[in-house]
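K.L.:
Prediction below, plus the sequence it came from.
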Amino acid sequence: MSIPPPPFSGPPAGTPRLELSGITKRYPSVVANDGINLKVGPGEIHAVLGENGAGKSTLMKIIYGAVQADAGQIQWNGREVVVANPAEARRLGIGMVFQHFSLFETLSVVENIALALDEPFDLKALAVRVKEVSTRYGLPLDPDRLVHSLSVGERQRVEIVRCLLQQPQLLILDEPTSVLTPQAVQKLFETLRRLAAEGVSILYISHKLHEIQSLCHSATVMRGGKVTGTATPSRETPASLARMMIGRELPVCEVPAYTGIATPALTVHKLSLVPDDPFGTRLQDIELEVHRGEILGIAGISGNGQAELLAALSGETTGTPEAVKLVGLPVGHLDAGRRRKHGLAFVPEERLGRGAVPSMSLADNATLTAQRQGLVKKGFLRPKAAWEFAKACIDRFDVRCGGPGAAARSLSGGNLQKFIVGREIMQQPIAMVVAQPTWGVDVGAAAFLRQTLIDLSRQGVAILVISEELEELFEICDRIAVLAEGRLGPAVPKAETNAEKIGMQMSGLFAPADKEPAHAPA
Amino acid sequence: MPLLEPRPTPSARMRLLSPLIAIGLTLAVGSLLFLSLGKNPVEAFTVFFIQPLSSGNGWSELMVKAGPLILIAQGLAIGFRARIYNIGAEGQLIVGALAGGGVAIAFDGVDAWWVLPLMVVAGAIGGALWGAVPALLKTRFNAEETLTTLMLTYIASFTLSYMVNGPWRDPEGMNFPQSIMFGDPALFSPWFEGMRVNASILIATVASIAFWIFTSRSFLAYQLTVGGLAPAAARYAGFSAQRTVWVSLVLSGLTAGIAGVGEVAGPVGQLNLNISPGYGFAAIIVAYLGRLNAVGIVLAGLLMALLYLGGEAAQVALQLPAAITGLFQGMLLFFLLGADVFVDYRLKPRPKPAYA
């Protein structure tokens, strides 16, 4: 194999590629980084592990020059530097792959890459280089394809290739696997190992313990803006890593059996939908049935019709009456408010701006959906009732906040999610649809939310959960179906499937699975 | 690179203070303006803000001008909260005046108590219909209401011009573009001899109280506010976006229409081409200066009315051009918008240069 020389002129042996000392960044309300020390050697895959809000992303932005630290030093190959902006970082040889991609959907792969280059370019030559680099690192890409036709995994490849073209000595990846199928995760890991073998240092941000254990040489654990420890992941257990990350044992959910009668509560039949958004996904003949007492999980990567399906279920998009039924009652033509009246509750993925009005108090946000619980009388608001409703929700669901008068945006993601879930549960729904229940939520709150959903289902409520986190679905669901490219696969009991099978379906390999629903060979 | 970045938590106190900051800046820049025109600022401000209020008639005039401004602004604020930007209140005022004036002309010579109430109702309906047109255009064709309401203002204004030049021209008016002078049954009678203040100010007062209750207590206003603050949350809750459009535009058209009747049945006393000194547009500033809050709008309306009076006084006493009123209104709006930007955003420090 003719591998060109490693893309870095090595520093003297023993000098770390990157060394941070005493990095501190204060925001008006929080110290995001408090005296952070971190060392990464050449060719080292180094994990930065921590919960949401631990300060990982701020630290990475400081390294990449997108944010300036208030105090502390950055040593790059043994020399002290100030990284004033991302362009400066790229000149130094630091590349970053962001969690949320910044690609233009109407442009081709090579055009998108060209836009991000700091130097002048020739599109044709660049296309050749893109092809070269992408094949060399096992990230196949067609430079001329338009980005909107790419899957999320392919889009991530564009971002990675974009970084690799700059021949980085340090590559930062922020939660790179949250959008990938299990198979794509393995592919990505191969690429990263290969890069490391060539001497590229990698900073790998994640909260997924098993990934870090299988990939990373070393780890820095952060909690509350501080480094709480460093570890060699292969010598730790998930439990010991979790202890470092959250400061206590990893909570586990209890899943009791449902003792009631499982009758269908939410039924979707022949739901097809052409989205208004030109880059949206078309839903094709969706069939599903959620029974009382069960949690049905829908796995799949965002952008495969999740947003469209959710809107069609909640009533934010309406269609034919028979497409969605609530305990036999056709509700497909009703708006969200009317469906809620018939017993459908919905927790959206976006908490601020959709599930709650950011600038309004929790009491006012209670009225948003719980108006039928006596919070509105004869067209007039009943602020006292709303206040009490919010208070009850805060107490019952352990929402940490400044009380019912606190603005929704002042709450952390986890606490706001508890409030929204609580608000919906307190309306005593027959069926509940929940999108990304623990997205951006810390481990403690996530466990609480999962347990809450399980308990609710065992009281006879039908729950549909749409999530990108496979582990989460396997933890709380009774049956799991996969949504890929706007088509929903059959719902399979959890015990009869596994992450690998689900992963196959996520990549859109339905055809065999359709004929052989539950036992498709992996 | 943008020079402004959003503040993590915009201060509620600064949001309330920003109108005061805007007023202060307007006064400061106004002083410079007066200085550059060779006028003593202290004297000029006395003429502008003190003199108009040093007589009973001055207070009466203040009410006469504040009434329509407050009434229109209350209606507009409902829509602005829902982010429906009706900037054609001037047109709705004119159509209201035409409808009310039409009633007065049709029943000229009829001495009955119901003529004036009928005029008010006709004006309300006229204004509401003129607001309903852009609502229909928006809900049916997704036409931007900022454009349609403004364009409809021109149509209203030319319609008025046609009516007072043609069908409704006073035969004894020496060919001036104006209607007959309305009879007493079609006029709000002045409360005091020699002053123009009349019962129409009561309409603005009652409307302010009604809007205060509506905005602070009604579920409908809550829905409109949610629609303005977070459209996705309104959809999620199942609040109708179409209803928001209709309620906002019809309600603001209605109040503007009533204000139009207040003018033709009050200080003007007939239909002519000068029935409004731009109240429909000035009320936009009043609504924002009053923080879209019913009580705030009353205060802002009084201030804006004072600007009108001060402008007139400045023309007489200081020989300043009539544009001075518009200049002060414009400065006030400019500084208010500027202050509001800094409530929500702050200046971003420029990043330091590369290597240390």
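P.N.:
That came through fine. Everything quoted here is computed from the prediction, not taken from an experiment.

K.L.:
So what's the residue count around residue A:159?
P.N.:
21 (other CB atoms under 10 Å in any protein chain shown). Quick note: C-beta positions are derived from backbone N, CA and C, even for glycine.

K.L.:
Now do the contacts for it.
P.N.:
By CB atoms under 8 Å, 6 or more residues apart in numbering or on different chains, residue A:159 lies in contact with A:97, A:98, A:101, A:103.

K.L.:
Now intersect those with the strands, please.
P.N.:
Within the contacts of residue A:159, residues falling in strands by DSSP state E are residue A:97.

K.L.:
Now list the buried members of the contacts of residue A:159.
P.N.:
Buried members of the contacts of residue A:159, scored by 16 or more other CB atoms under 10 Å in any protein chain shown, are A:97, A:98, A:101, A:103.

K.L.:
rewinding a little: using CSV, lay out the contacts of residue A:159 together with distance to chain B.
P.N.:
Shown next, in CSV, are the contacts of residue A:159 (distance: CB to the nearest CB, whole Å):
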residue, distance to chain B
A:97, 22
A:98, 18
A:101, 21
A:103, 20
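
K.L.:
tell me the least confident of the contacts of residue A:159?
P.N.:
Minimum pLDDT across the contacts of residue A:159 is recorded for residue A:101, with 73.

K.L.:
gap between that residue and residue A:61?
P.N.:
Going from residue A:101 to residue A:61 by CB to CB, to the nearest Å gives 16 Å.

K.L.:
What parts of the stretch 101-250 of chain B come near chain A?
P.N.:
By the rule CB under 8 Å from any CB of the partner chain, the part of the stretch 101-250 of chain B lying against chain A is B:217-220, B:222, B:226, B:229-230, B:232-233, B:235-240.

K.L.:
Quick check: phi and psi at residue A:419.
P.N.:
Dihedral angles of residue A:419 (phi, psi; degrees, to the nearest 10) stand at phi -60, psi -50.

K.L.:
Let me fix that, I meant to ask about residue A:219.
P.N.:
Dihedral pair for residue A:219: phi -140, psi 140, per degrees, to the nearest 10.

K.L.:
got it, and residue A:284?
P.N.:
Recorded main-chain torsions at residue A:284 are phi -130, psi 120, according to degrees, to the nearest 10.

K.L.:
And it, what's its pLDDT?
P.N.:
Per-residue confidence (pLDDT) for residue A:284: 89.

K.L.:
Now do the same for residue A:69: helix, strand or coil?
P.N.:
When the structure is reduced to helix, strand and coil (DSSP: H, G, I helix; E, B strand; the rest coil), residue A:69 reads as coil.

K.L.:
Spit out the contact partners of it.
P.N.:
A:23, A:24, A:25, A:33, A:62.

K.L.:
again, but for residue B:6
P.N.:
Contacts for residue B:6 (CB under 8 Å, 6+ apart) come out as B:344, B:345.

K.L.:
how far away is the residue nearest to residue A:105 when sequence neighbours are not counted from residue A:280?
P.N.:
Among residues not flanking residue A:105 along the chain, residue A:148 sits closest, at 3.8 Å (CB to CB, 6 or more residues apart in numbering or on different chains). To residue A:280, residue A:148 is 11 Å away according to CB to CB.

K.L.:
Which of those two has more residues huddled nearby?
P.N.:
When residue A:148 and residue A:280 are compared for neighbours, residue A:280 comes out ahead with 16 against 13, by other CB under 10 Å.

K.L.:
ok, now how distant is the residue lying closest to the more buried one once chain neighbours are set aside from residue A:320?
P.N.:
Leaving aside its chain neighbours, residue A:280 sits nearest to residue A:308 (5.9 Å; criterion: CB to CB, 6+ apart). Note on residue A:308: its distance to residue A:320, by CB to CB, is 15 Å.

K.L.:
Between the two, which has more neighbouring residues?
P.N.:
residue A:308 (23 against 13).

K.L.:
now the host helix or strand of the more buried one: mean pLDDT?
P.N.:
Using DSSP states H and E, the element containing residue A:308 is helix A:306-314. The average of the pLDDT scores along helix A:306-314 is 92.
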